[in-house]
Every structure is written in structure tokens, then in C-alpha cells.
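Undergrad: sequence unknown, structure follows:
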């Protein structure tokens with residue numbers, strides 16, 4: 001039986017074609033090796049060099065697939081990181097847009113945020129109130145000025161009247177004093193000396 005196996009092994013093995021074809025997949029190589037090998041009873045006779053070659057090709061294919069898988073995993077991880085970075089950038093952009101929108105509709109005064117419409121209305125009301133207050137104060141100032149002027153004029157008139165009265169009274173007193181002196185002089189002249 002040993003002789004028979006050696007004889008069969010000495011016969012040319014067409015299963016070597018499984019090693020030579022470059023464009024075949026592992027499955028195709030396996031099927032080619034199986035179908036082209038010699039059969040002895042229920043056994044297939046395949047050269048060890050062919051089995052070693054197929055094993056080497058299988059290991060090379062697995063190594064290549066593992067390298068491709070590792071590269072794919074790296075690319076997937078890289079893409080995941082890019083997606084995360086893009087999401088973060090999108091979130092920052094959304095926050096920036098939201099802040100710009102908020103700043104376009106609000107104004108910050110003394111660290112208090114106001115809606116621009118409310119702020120403009122409040123400032124308008126305050127300015128209108130200040131204008132009304134200013135008008136009231138100016139009106140009151142004019143009234144006080146006219147009142148003061150009237151009082152000063154009245155005081156001047158009273159002072160003038162008082163001075164006139166005083167002057168008239170002094171004139172009257174002097175006139176009466178002269179008349180009295182004249183009467184005294186007349187009386188003295190009428191008296192016997």
C-alpha cells in the first residue's frame with residue numbers, strides 16, 4: 001500500500017494549478033485543488049507542497065484581510081472622530097448663531113438683557129417723561145420768574161410810594177414847621193417887649 005501511495009504521488013498532480021492561478025479566491029482554489037487531485041478509494045491524494053502552498057496563500061489572504069480590516073477599523077475610527085468633530089463644530093456654530101440671534105434682538109445694559117423693542121420703548125418713555133418734567137420745570141421757572149418780577153415791581157412801586165409818601169410827609173412836616181415857626185415869630189412879635 002505504501003508503494004501505491006508513492007506511485008500515485010509520483011504521478012503529476014494537476015492540483016498544483018490551485019497555486020498558480022493568481023485571480024482565484026480561496027474557495028475557488030480549494031475547489032480546484034479538490035477536483036483536480038487524484039482519488040484513491042475515498043481519499044484524495046494531494047502533494048504536501050500543494051497543501052503548504054494553499055496554507056501559505058490562505059494565511060497571506062487572511063493576513064491581507066486582517067490588514068484591510070485593521071485599516072478599515074482605523075478609517076472607521078477616523079471617520080467617527082471626524083463625525084464627532086463635525087458635530088462639535090455644528091454645535092458651536094448653532095450656539096454662535098443662537099448667540100448672534102439673541103444679540104440681534106437684545107441689548108445688555110448694566111449686565112441686564114433687555115429685548116430691543118422693550119428697551120427702546122422704555123428709553124422713549126423715560127425721555128418723554130424727562131421732556132415733560134423739563135417742560136414743567138421750565139414753566140414753573142417762568143412762573144416763578146414772572147411772580148418774582150411782579151413782586152420786585154410791586155416792591156419797587158411800594159418803595160417808590162413809600163419814598164414819595166416819606167418825601168411828602170417830610171415836606172409837609174417842614175412846611176408845618178415853617179408855619180409853626182412863622183406863627184411863633186408872629187406871636188413873639190406881638191408880645192410886648
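TA: Done, it's in. Because the structure is a prediction, the values reported are computed rather than measured.

Undergrad: C-alpha only now, for contacts and for neighbours.
TA: Will do.

Undergrad: mind listing the strands for this structure?
TA: Listed in chain order, the strands of the chain (DSSP state E) span 38-40, 43-45, 106-109, 112-115.

Undergrad: nearest to residue 177, of those strands?
TA: For the strands of the chain, proximity to residue 177 was assessed by Cα to Cα; strand 106-109 is nearest, at 83.5 Å.

Undergrad: in the closest one, what's buried?
TA: 106-107 (16 or more other Cα atoms under 10 Å).

Undergrad: other SSEs contacting it?
TA: strand 112-115, helix 116-190 (3 or more Cα pairs under 8 Å, 6 or more residues apart in numbering; DSSP states H and E).

Undergrad: recalculate using a threshold of 7 Å.
TA: Applying 3 or more Cα pairs under 7 Å, 6 or more residues apart in numbering; DSSP states H and E, we find strand 106-109 packed against strand 112-115.

Undergrad: and the strand it packs on, what does it pack onto?
TA: By 3+ Cα pairs under 7 Å, 6+ apart, strand 112-115 packs against strand 106-109.

Undergrad: just to revisit the earlier point, the strands of the chain: which one's closest to residue 166?
TA: That would be strand 106-109 among the strands of the chain, by Cα to Cα, at 68.2 Å.

Undergrad: which residues of the chain score low on pLDDT?
TA: Under the criterion pLDDT under 70, the flagged ranges of the chain are 1-22, 193.

Undergrad: quick revisit: could I get the strands of the chain in CSV, plus columns for distance to residue 143?
TA: Listed next are the strands of the chain as CSV, based on distance: least, Cα to Cα, whole Å:
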stretch, distance to residue 143
strand 38-40, 133
strand 43-45, 130
strand 106-109, 38
strand 112-115, 40
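
Undergrad: tell me which of the ones you listed sits nearest to residue 130.
TA: The nearest among these, by Cα to Cα, is strand 106-109 at 19.5 Å.

Undergrad: ok, back up a step: ok, which of the strands of the chain comes nearest residue 51?
TA: Closest among the strands of the chain, using Cα to Cα: strand 43-45, at 10.5 Å.

Undergrad: give me the buried positions along the closest one.
TA: Across strand 43-45, burial judged by 16+ other Cα under 10 Å covers residue 45.

Undergrad: what is that strand packed up against?
TA: By 3+ Cα pairs under 7 Å, 6+ apart, strand 43-45 packs against strand 38-40.

Undergrad: got the contact list for the strand it packs on?
TA: Strand 38-40 is contacted from outside by 44-45, using Cα atoms under 7 Å, 6 or more residues apart in numbering.

Undergrad: gap between the residue nearest the centre of the chain and residue 110?
TA: In the chain, the residue lying closest to the centroid (Cα atoms, centre = their mean) is residue 99, at 2.8 Å. The gap separating residue 99 from residue 110 is 19 Å, by Cα to Cα, to the nearest Å.

Undergrad: thanks again, I'm all set now.
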